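Chemist: turn this into a model:
(one chain, ligands or ions: 1)
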Amino acid sequence: MSLNNKNIVPFDKFMSDMLYDVKKGYYMKTNPFGKSGDFITAPNLSVMFSEMIAIWCISFLKNKGDKKKINIIELGAGNGEMTFQIINIFKKLRIKASFYIVEKSDHLVKIQKKKLSSCNVKWLKSVSNIMTKNNIFLANELFDALPVKQFVKKKNSWFEIYVKKNFDGKFNYTKIEKNIEEIEKKFKINLSKNQKFIEFSVDSYNLISNLAKKIKNSKSCLLIIDYGATQKKMLNSIQAVYKHNYINVFDKPYLSDISYCPNFYLLKKIVERNNLFVNGITTQREFLEKLGITKRAEILSKNLPFTEKANIYYRLKRLIDEKYMGQLFKVMFITKKKSSFNLGF
Ligand SMILES: C[S@@+](CC[C@H](N)C(=O)[O-])C[C@H]1O[C@@H](n2cnc3c(N)ncnc32)[C@H](O)[C@@H]1O
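Modeler: As a prediction, the model looks like this:
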């Protein structure tokens, strides 16, 4: 179902069309990362972010005994920066691993392949294609980019939010009454208790279900880093960003980054519903600080001229300060069963 042949679609289908339509979709034709793009993600902000993720992976691996071959699999790798830096660190420390990227956008795969031309990486279209056993899955800012359904409660009825395309080609919101219990039954998840608004991503649910089939032993895990709410009450969190500014979702069709703020409380429920275990949820600030990012900044900036030192600390601040990414971004560590490994949490 796409806006090409329907003039009214549920919000998640609209978001999917805007971001992932094969020809026009935002992620299918643009390189949105960095100063010249629309937004900056943590790996593109500072190499220290990827270094901390690499150290976390190595610690997990050592904790589990590194005799077995381990696979590092990045889900939704953007311009490939994080995998590139992680591979460099593994090389420097002479630690062996196989690297994979699961990426939906062929356009971004091309960019990733160019960046990683000197590295040994395998690309896969879907998590279902993973046949390996000891898998560390990394997902930085993936879940916020997955299409999400929205529902609103009016009096005692639930309505799903739809997007309507008008004759003049412009969009507006509309809503259609839905039986929320049917959806709750289908996914065996309580979405509506004490809520007036629901954001539920079927795509996230399906991705977690597929990942659950690949996280089968104690040497496998999933690390999710994303902006996220941890309160039970859900709110409308949809946003659109164009050239580093917030705009209306309908203002720049196919040209702006549409995302939402995944509710980590609901995400935890989805993870548990799929028989996985949430070992910890913390803020990006706490996670990176426990891994030693401030010490790393000190080491990197030693003997550097003032301007370069200031640049390192400015980037550190953006990663960990509560006014920037430090508080809003959360980290979730998921395994098959409760793990004794708790670095960063
Ligand atoms: C917001 S970007 C984050 C990129 C990168 N992780 C970073 O932090 O710079 C989201 C990425 O997820 C990819 N993506 C979206 N849905 C996906 C899916 N179902 N499977 C794999 N990749 C997906 C997008 O194409 C894009 O590369």
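
Chemist: skip the chain neighbours and tell me the closest residue to the residue positioned nearest the centre of the chain.
Modeler: Closest residue to the average C-alpha location of the chain: residue 142 at 2.3 Å, with C-alpha atoms, centre = their mean. Spatially, and ignoring its direct neighbours in sequence, residue 142 is nearest to residue 76 (3.7 Å; C-beta to C-beta, 6 or more residues apart in numbering). Yep, even glycine has a C-beta here, placed from its N, CA and C like the rest.

Chemist: that neighbour reaches residue 103, doesn't it?
Modeler: Yes - assessed by C-beta atoms under 8 Å, residue 76 is found in contact with residue 103 at 6.5 Å.

Chemist: these two: which is more packed in?
Modeler: Using other C-beta atoms under 10 Å as the criterion, residue 76 and residue 103 rank with residue 103 on top: 23 against 20.

Chemist: ok, so what distance separates that one from residue 198?
Modeler: Going from residue 103 to residue 198 by C-beta to C-beta, to the nearest Å gives 29 Å.

Chemist: what residues are up against residue 213?
Modeler: residue 128 (C-beta atoms under 8 Å, 6 or more residues apart in numbering).

Chemist: can you rerun that using 10 Å?
Modeler: 127, 128, 130, 274 (C-beta atoms under 10 Å, 6 or more residues apart in numbering).

Chemist: got it, and residue 264?
Modeler: 143, 224, 226-231, 271, 278, 281, 330-332.

Chemist: of those, which belong to helices?
Modeler: Counting by DSSP state H, the part of the contacts of residue 264 found in helices is residue 271.

Chemist: enumerate the residues of the stretch 101-250 of the chain near the ligand.
Modeler: Within reach of the ligand by C-beta under 6 Å from any ligand atom, the stretch 101-250 of the chain has these residues: 102, 103, 104, 105, 108, 140, 141, 142, 145, 146.

Chemist: now pLDDT too, for those residues, in TSV please.
Modeler: Formatted as TSV, these follow (pLDDT from 0 to 100):
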residue	pLDDT
102	98
103	98
104	97
105	97
108	97
140	98
141	98
142	98
145	98
146	98
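
Chemist: tell me where the stretch 201-345 of the chain has strands.
Modeler: Listed in chain order, the strands found in the stretch 201-345 of the chain under DSSP state E, counting those that start in this stretch are 221-227, 239-242, 245-247, 257-259, 277-283, 329-335.

Chemist: the third one: how far from the chain's middle?
Modeler: Strand 245-247 has its C-alpha centroid displaced from the chain centroid by 20 Å (C-alpha atoms, centre = their mean, to the nearest Å).

Chemist: now it: buried residues?
Modeler: residue 247 (16 or more other C-beta atoms under 10 Å).

Chemist: what do you get for the fifth one?
Modeler: By neighbour count on 16+ other C-beta under 10 Å, the buried set for strand 277-283 is 278, 279, 280, 281, 282, 283.

Chemist: where does the prediction get shaky in the stretch 51-200 of the chain?
Modeler: Scanning the stretch 51-200 of the chain for pLDDT under 70 picks out the ranges 66-67.

Chemist: how about the strands in it?
Modeler: So, for the stretch 51-200 of the chain - with DSSP E, counting those that start in this stretch - the strands run 71-75, 98-102, 121-124, 135-140, 149-154, 157-165, 171-178, 197-200.

Chemist: show me what the fourth one is packed against.
Modeler: If I follow you right, that is strand 135-140. helix 47-63, strand 71-75, helix 81-92, strand 98-102, helix 202-212, strand 221-227, strand 329-335 (3 or more C-beta pairs under 10 Å, 6 or more residues apart in numbering; DSSP states H and E).

Chemist: report all helices and strands that the fifth one contacts.
Modeler: Right, helix 202-212. Short answer (3+ C-beta pairs under 10 Å, 6+ apart): helix 202-212 packs on helix 11-20, strand 71-75, strand 98-102, strand 135-140, helix 180-187, strand 221-227, helix 264-273, strand 329-335.

Chemist: quick one on the thing from earlier: specify which member of the contacts of residue 264 is nearest to residue 59.
Modeler: Within the contacts of residue 264, proximity to residue 59 (C-beta to C-beta) peaks at residue 331, which comes in at 14.1 Å.

Chemist: thought the closest one was touching residue 289?
Modeler: No - assessed by C-beta atoms under 10 Å, residue 331 is found out of contact with residue 289, at 11.5 Å.

Chemist: rewinding a little: a markdown table for the strands of the stretch 201-345 of the chain, including mean pLDDT?
Modeler: Converted to a markdown table, those look like this (pLDDT from 0 to 100):
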| stretch | mean pLDDT |
| --- | --- |
| strand 221-227 | 97 |
| strand 239-242 | 96 |
| strand 245-247 | 96 |
| strand 257-259 | 97 |
| strand 277-283 | 97 |
| strand 329-335 | 98 |
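
Chemist: re earlier: residue contacts, the residue nearest to the centre of the chain?
Modeler: Neighbours of residue 142 in contact, by C-beta under 10 Å, 6+ apart: 74-78, 102, 104, 204, 207, 224-226, 262.

Chemist: of those, which is the most crowded?
Modeler: So for these (other C-beta under 10 Å), the most neighbours sit at residue 77, 29 neighbours.

Chemist: ok, residue 44 - how many residues close by?
Modeler: 18.

Chemist: next up, phi/psi of it, please.
Modeler: phi -90, psi -10 (degrees, to the nearest 10).

Chemist: how far away is it from residue 235?
Modeler: 28 Å.
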